[in-house]
Every structure is written in C-alpha cells, then in structure tokens.
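K.L.:
okay, here's the prediction I keep looking at, along with the sequence it came from:
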Amino acid sequence: MSCWRWARSSRRGRCYACPTTLCASHRRRRRPWPACALFAAQGVNSPSVKECKALVGEALYFALVDLGQLRPINDEVVYATPVYTDLIARLEGHLRQHGAITAADARDLLGTSRKYAIALLEHLDELRLTRRVGDRRELVRPLPPVA
C-alpha cells in the first residue's frame, strides 16, 4: 500500500490518513511528493503558506516541511526545495561577484516581485550570510562553495 499522507502524527509511527503503521520506505522516500511538483511548477512566485495548507492540508504541509521537501522562508513564502536551492544559488552568485545586493537587484535577477525578493533577502539575513546596510545587503562571511 502506498501512503503519501504522512504527517506530524507519524512521529508515533502512524499515518493520519490510515490506521496502519508506516513502513520504513515511507519515511525514506527519495522522490518528491506529488504536491511538491505543484509548488515547484510555480517557480519563484510560489503560492503562500496559507494557499499551500489549503491545497494539501495542514498536516501534509507540515510533513513536507519536516521531510525537507518544502522550505518556508517566512510566514507568507514557501518554496519547494529544488526551487529554494536554485534561488539561493543565484543570489549567492551575485553576492560573490558584487559583494552586495539591493532589493531591486534581487528582484531583477530572479525575475519576481519585490515581495519575494525581500523575503529571500531577509532569509539570508536570518542565516547570517548577509546583513542589511541601508538599502543593500552585504556579505558578512564568505559563502561556502556551491556544489
């Protein structure tokens, strides 16, 4: 039986959709969940956290976050992990080359709106990779090489 509705309740070894105990293969599933393809298709202009929860249900949303297949940036923005990795790599490339980035630069680089650009820049600030100095984000420490 293939069960993809794994949730926070699975910490007790149960799936919220069925009474059976999840087998080890469900916990180690390598390929993306079907819902993640919907989020990845949106690219940089991803649906909001509220829309994601409405689409897949709150329990599955948190399960996908726990499994690392969705990456919430803040209370409003969430990305599928492959999209998140690509966006961060593009921002890092710009920062390596120029040493700083503005919200307008990030918006143009990513081809998105200011809402998403600011969310990603604030996320880099939270990770302590950058710091805000006026309108710019400057590198705080050297970034590790992108593999």
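P.N.:
Looks like it came in fine.
K.L.:
nearest spatial neighbour of residue 116, chain-adjacent residues omitted?
P.N.:
Of all residues not flanking residue 116 in the chain, residue 44 sits nearest, at 5.8 Å (Cβ to Cβ, 6 or more residues apart in numbering). For glycine as for every other residue, the C-beta is placed from the backbone atoms N, C-alpha and C.
K.L.:
tell me the SS of the one you found?
P.N.:
coil (DSSP: H, G, I helix; E, B strand; the rest coil).
K.L.:
neighbours around it, how many?
P.N.:
For residue 44, the neighbour count with other Cβ atoms under 10 Å is 19.
K.L.:
list the contacts for residue 138?
P.N.:
With contact set as Cβ atoms under 8 Å, 6 or more residues apart in numbering, residue 138 has these partners: 99-100, 130-131.
K.L.:
let's see it at 10 Å
P.N.:
Under the criterion of Cβ atoms under 10 Å, 6 or more residues apart in numbering, the contact list for residue 138 reads 95, 98-101, 130-132.
K.L.:
show me what the longest helix along the chain is packed against.
P.N.:
As far as residue count goes, and with DSSP state H defining each element, the longest helix of the chain is helix 81-98. Packed against helix 81-98, as judged by 3 or more Cβ pairs under 10 Å, 6 or more residues apart in numbering; DSSP states H and E, are the following elements: helix 34-42, strand 70-72, strand 78-80, strand 100-102, helix 103-110, helix 114-126, strand 130-133, strand 136-139.
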